[in-house]
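[1] no FASTA, just this:
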């Protein structure tokens, strides 16, 4: 294996492939054993949806107010911020040809802007569990 | 490096890694026994005490029971989603297992890490694959067509949008201090002092975020035994329930190992280096497993010491306490890294 991809990196992911296959095979095999060992019975009642013993009313997939949609939107922004920090954390210090002071100041500005957004969200009441 | 062995070696490593899974499986059984015994002790009960000495084989009996129970798939479920959901969750746990070292062996001064593979970005990888579990939880909730399961799933989402950010930020802080994204490198960076002491705030934030991630009490929002029956597992029975249960316990174990590796020095004992061959082979692994077991025992005891949080309290905790503190910790890590050169 040669080319632009370092073969050692590729090799380190081969066990991932092995585990992937095993994790896909394990549940069906386990269920097969369980199927062979377990008894079987019939009856219409047992296949009904569980709702604390009473007859289910209406479908489960109903629309209801999701109280946390504002968090969820903020989450997308902040999660990307965290992702952005990973490569920065690796190169800002050490022999990578990056000026440490400049890198740190840039990152502090970036975090500050996000902190400002965070304070704004808090002030606006977005970080509050909505009660209708 | 010869070409042929180089090609075969990683495959072999993957298969050896499966042996580690077997060992961890035993540890998982042990974890369930510890949980039941510890809970019983706290509540002044006996706990399991019939099967084997002090009930240690209770889990074997339970496994046999799960295998011999009839599986009932309710008529209204979406069968494809219903069957694939536990697989997705197990997949996430198995993929996390690949990169987490469970110990190390020193032979003639060379260190061999007991992990299926070693990557240069293993902590990033672990975080990425652990996020697959949330897809499994959604499939779980949607596929069952059950109200309790649906509510459990939505609570899990609400929780997830909170804890993921502090979790990620504390991991970045650790990466900043150690200068690497490799778990093994992070362990070596703690040779002199554990990160639990260098970043106490980060340690506490990571611990709490990890507990929310594992769905452990007092943050068991996706199951919520008191109000949601079995939460996301309501319609599951027989061994298919067992698979979900198994994945959950593996999550607990992996979380304990991660806490021990990232903040408690992994297999290091500060200031202790041995040339003794026997000790070098045994000691590091024993140290790591002991640390992970202690962390796990602490998490289990939290279950009986702290009252449950309501879902909006969990979200508030994540956004209004964990997030600011994790940012503070990030600043602290940058400052410490720059001025002390740690």
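    In hand now; what should we look at? In this text, all values refer to a predicted model and were calculated from it rather than measured experimentally.
[2] where does the stretch 101-250 of chain B dip in pLDDT?
    The model of the stretch 101-250 of chain B has pLDDT under 70 over residues B:221-222, B:224-226.
[3] Please list the residues of it that sit near chain A.
    For the stretch 101-250 of chain B, the residues in contact with chain A (C-beta under 8 Å from any C-beta of the partner chain) are B:116-120, B:124, B:142, B:144-150, B:154, B:157-158, B:161-162, B:164-165, B:168-169, B:172, B:175-176, B:179-181, B:229, B:234-235, B:238-240, B:242-243. Any C-beta I mention is one placed from the backbone N, CA and C, and that applies to glycine too.
[4] any chance you could map the helices in the chain?
    Using chain A. Assigned by DSSP state H, chain A shows helices spanning A:7-11, A:14-37, A:69-91, A:100-124.
[5] think we crossed wires, I meant chain B
    Going by DSSP H, chain B shows helices at B:3-42, B:58-67, B:79-99, B:122-130, B:132-144, B:147-178, B:183-189, B:195-198, B:200-214, B:225-228, B:238-263, B:277-305, B:311-316, B:323-339.
[6] who touches stretch A:31-39?
    When contacts are defined by C-beta atoms under 8 Å, 6 or more residues apart in numbering or on different chains, stretch A:31-39 is touched by residues B:66-71, B:238-240, B:243.
[7] Relative to chain A, how far out is the nearest residue in space to residue B:35 that is not next to it in sequence?
    Excluding the flanking residues, the one nearest residue B:35 by C-beta to C-beta, 6 or more residues apart in numbering or on different chains is residue B:300, at 4.9 Å. Taking C-beta to the nearest C-beta, to the nearest Å as the measure, residue B:300 falls 26 Å from chain A.
[8] Let me know whether residue B:300 touches residue B:39 as I believe.
    Yes - if you go by C-beta atoms under 8 Å, residue B:300 and residue B:39 touch, sitting 7.0 Å apart.
[9] how close does the most centrally placed residue in chain A get to chain B?
    Note on chain A: the residue nearest the mean C-alpha position is residue A:79, at 10.0 Å, using C-alpha atoms, centre = their mean. According to C-beta to the nearest C-beta, residue A:79 stands 6 Å off from chain B.
[10] Check that residue and give its pLDDT.
    pLDDT recorded at residue A:79 is 86.
[11] May I have the residues that are in contact with residue 100?
    You didn't pick a chain, so chain A it is. By C-beta under 8 Å, 6+ apart, the neighbours of residue A:100 are A:92-93, B:338.
[12] Chain B, not that one
    B:115, B:122, B:126, B:183, B:254, B:257-258, B:261.
[13] Let me know how buried residue 22 is, in neighbour terms.
    Just going to use chain A. 18 (other C-beta atoms under 10 Å in any protein chain shown).
[14] try again with chain B
    Around residue B:22 there are 9 other residues, counting by other C-beta under 10 Å.
[15] So for residue B:329, what pLDDT did the model give?
    93.
[16] which residue packs closest to it, ignoring adjacent ones?
    residue B:202 (4.0 Å).
[17] Look at that neighbour and say how many residues are nearby.
    Using other C-beta under 10 Å, residue B:202 has 28 other residues around it.
[18] Which of the helices of chain B has the highest mean neighbour count?
    For those, average neighbour numbers computed from mean count of other C-beta atoms under 10 Å in any protein chain shown are highest in helix B:147-178, which has a mean of 25.
[19] Could you chop chain A up by domain?
    Residue ranges for the domains of chain A, per automatic domain parsing: A:1-38, A:69-124.
[20] what's near enough to touch the closest residue to chain A within chain B?
    Distances between chain B and chain A by C-beta to the nearest C-beta are smallest at residue B:14, namely 3.1 Å. Contact partners of residue B:14, counting by C-beta under 8 Å, 6+ apart, are A:14-19, B:116-117.
[21] Same check on residue A:115?
    Residue A:115 touches residue B:327, counting by C-beta under 8 Å, 6+ apart.
[22] separation between the residue lying closest to residue B:158 once chain neighbours are set aside and residue B:311?
    Once flanking residues are discounted, residue B:158 sits nearest to residue A:68: 4.5 Å by C-beta to C-beta, 6+ apart. When distance is defined by C-beta to C-beta, to the nearest Å, residue A:68 is 9 Å away from residue B:311.
[23] Name the residues contacting each of those two.
    A:129, B:158.
[24] ok so, going back, and the contacts of residue B:100 as TSV, adding distance to residue B:90?
    TSV is the format used below for these (distance: C-beta to C-beta, whole Å):
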residue	distance to residue B:90
B:115	19
B:122	20
B:126	16
B:183	22
B:254	12
B:257	17
B:258	18
B:261	22
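[25] so which of those comes closest to residue B:34?
    Distance to residue B:34, by C-beta to C-beta, is smallest for residue B:257 among the contacts of residue B:100, at 14.7 Å.
[26] that older thread, of the contacts of residue B:14, keep whichever come out buried.
    Buried by 16 or more other C-beta atoms under 10 Å in any protein chain shown: A:14-16, A:18-19, B:116-117, out of the contacts of residue B:14.
[27] tally of neighbours for residue 110?
    No chain was given, so I picked chain A. Residue A:110 has 14 neighbours, counted by other C-beta under 10 Å.
[28] my bad, chain B
    Neighbours around residue B:110, by other C-beta under 10 Å: 8.
[29] now it: how far from residue B:282?
    Separation of residue B:110 from residue B:282 (C-beta to C-beta): 16 Å.
[30] Same question for residue B:113.
    Remark: distance between residue B:113 and residue B:282 (C-beta to C-beta) = 15 Å.
[31] for chain A, which spans come out with low pLDDT?
    Within chain A, the stretches with pLDDT under 70 are A:1-8, A:94-96, A:130-132.
[32] ok, residue B:238 - contacts?
    By C-beta under 8 Å, 6+ apart, the residues touching residue B:238 are A:34, A:38, B:66, B:69-72.
[33] do that again at 6 Å, thanks
    For residue B:238, the contact set (C-beta atoms under 6 Å, 6 or more residues apart in numbering or on different chains) comprises A:34, B:69, B:71.
[34] got these as CSV, with neighbour count columns?
    Listed next are those as CSV, based on neighbours: other C-beta atoms under 10 Å in any protein chain shown:
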residue, neighbour count
A:34, 20
B:69, 18
B:71, 16
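[35] Name the nearest of the residues you listed relative to residue B:92.
    Of all these, residue A:34 has the smallest distance to residue B:92: 21.9 Å, by C-beta to C-beta.
[36] Distance check, the closest one against residue B:21.
    Counting by C-beta to C-beta, the gap from residue A:34 to residue B:21 is 20 Å.
[37] just residue B:211 next, same as before
    On the measure of C-beta to C-beta, residue B:211 and residue B:21 end up 24 Å apart.
[38] Could you tell me how many residues sit around residue 102?
    Looking at chain A here, since you left the chain open. Around residue A:102 there are 10 residues (other C-beta under 10 Å).
[39] that answer is for a different chain, and I need it for chain B
    The burial count for residue B:102: 24, using other C-beta under 10 Å.
[40] contacting residues around it?
    B:20, B:114.
[41] List phi and psi for it.
    phi -110, psi 10 (degrees, to the nearest 10).
[42] and the gap between the nearest residue to residue B:220 once chain neighbours are set aside and residue B:163?
    Leaving aside its sequence neighbours, residue B:220 sits nearest to residue B:308 (C-beta to C-beta, 6+ apart; 7.2 Å). Noted for residue B:308: a distance of 16 Å to residue B:163, by C-beta to C-beta.
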